[in-house]
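Novice: the sequence and its predicted three-dimensional model are supplied below.
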Amino acid sequence: MPSPKRVQVCWLLLTLGPTVAWFWMHKTADINVSSWENTTASWSQCLSSSDPLYGGDSPIIGVEGWMHAAGTDGLACESDAFESVNWPDNLTPSNEGNTSWIALVRRGNCTFKTKILNAAKFNATAVIITNNVFENSTVLMQHEGTGITVTVMTSRFVGRQLWELAEHKQLWVAITPTPRVFIDDGFSWRVPILCILGASFVLVAVSTILVILHYGPNAWRSAQAAKVELKLRNVAKHAINRLPQRAVQQDSKVCL
């Protein structure tokens, strides 16, 4: 039988499981990239990826806008990295006139916060930071103080595709929160919300049953012992009350 302290710790961890799962499920995103083809007067999807990860201090919301890559080295460590932002010409898509834009930035040389604030200075709706290490991994960025600017990181592999597309086309990007569990070091797996939460609640139920089985017999024995003790007290009190009583006076003879 597990010790009470161990059972309590397990129960606490299992209870927190759904909360942790919910947190991680809502930190990942889908990115869909499209370009407007003048020849066909229609949108053409260029790229779709499910590996981006929201920054630790980013709002977890969906956004969309025109993509603009950071100038020069693409690192956006300088305050004027996005001074040359301009809007597509001669386009007639449904979102013509929409001035929302999303910055494309490379990781490295300065903090995430610096990159994000340099883009936000020119009213960027969001920032996509492409990883510069490992081909298929991302990291959970910390960038406190960047306000409402949405920030996601993509893997180096996806980032390379984005940069190649940005060199030749005007891109429209949509970032959408998605329910999935992300595992670093080059791979990820998707788990439906109901499966994760359902399994967590089943584990909580099992741990609760174990706690009941552990404490139940002890509680029952304690209750029975208390009943027996109370019964014995009542019997003793009743017996004492039935003993003959006699008043003793000062001159009464007492046998010792």
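Specialist: Here it is on my side, so go on. Numbering: from 1, shown residues only.
Novice: who's in contact with the residue nearest to T154 when sequence neighbours are not counted?
Specialist: The shortest distance from T154 to any non-neighbouring residue, by CB to CB, 6 or more residues apart in numbering, is to P52 (4.9 Å). Just so you know, the C-beta spots here come from the backbone N, C-alpha and C atoms, and that holds for glycine as well. Contacts for P52 (CB atoms under 8 Å, 6 or more residues apart in numbering) come out as 28-31, 128, 138, 152-154, 158, 175.
Novice: which one (most neighbours) among those residues?
Specialist: A29 (29 neighbours; other CB atoms under 10 Å).
Novice: so what's it bridging to?
Specialist: Under the criterion DSSP bridges, A29 forms beta bridges with P177.
Novice: who are the neighbours in contact with it?
Specialist: 52-54, 152, 175-178.
Novice: please report the number of neighbouring residues for G65.
Specialist: Quick note: G65 (other CB under 10 Å) scores 21 neighbours.
Novice: hang on, it is in a strand, isn't it?
Specialist: Yes: assigned with DSSP: H, G, I helix; E, B strand; the rest coil, G65 falls within a strand.
Novice: surely it is in contact with A126?
Specialist: Yes: judged on CB atoms under 8 Å, G65 makes contact with A126 at a distance of 6.9 Å.
Novice: who touches both of these two?
Specialist: I102.
Novice: secondary structure class for E164?
Specialist: helix.
Novice: how much space separates it from D51?
Specialist: For E164, the distance to D51 (CB to CB, to the nearest Å) stands at 17 Å.
Novice: look at those two and report which has more neighbours.
Specialist: D51 (23 against 12).
Novice: follow-up on the earlier one: and the contacts of A29, which two are furthest apart?
Specialist: L53 and T176 (13.3 Å; CB to CB).
Novice: next, format the contacts of A29 as TSV and append pLDDT.
Specialist: Listed next are the contacts of A29 as TSV, based on pLDDT from 0 to 100:
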residue	pLDDT
P52	90
L53	91
Y54	93
V152	95
I175	94
T176	93
P177	92
T178	85
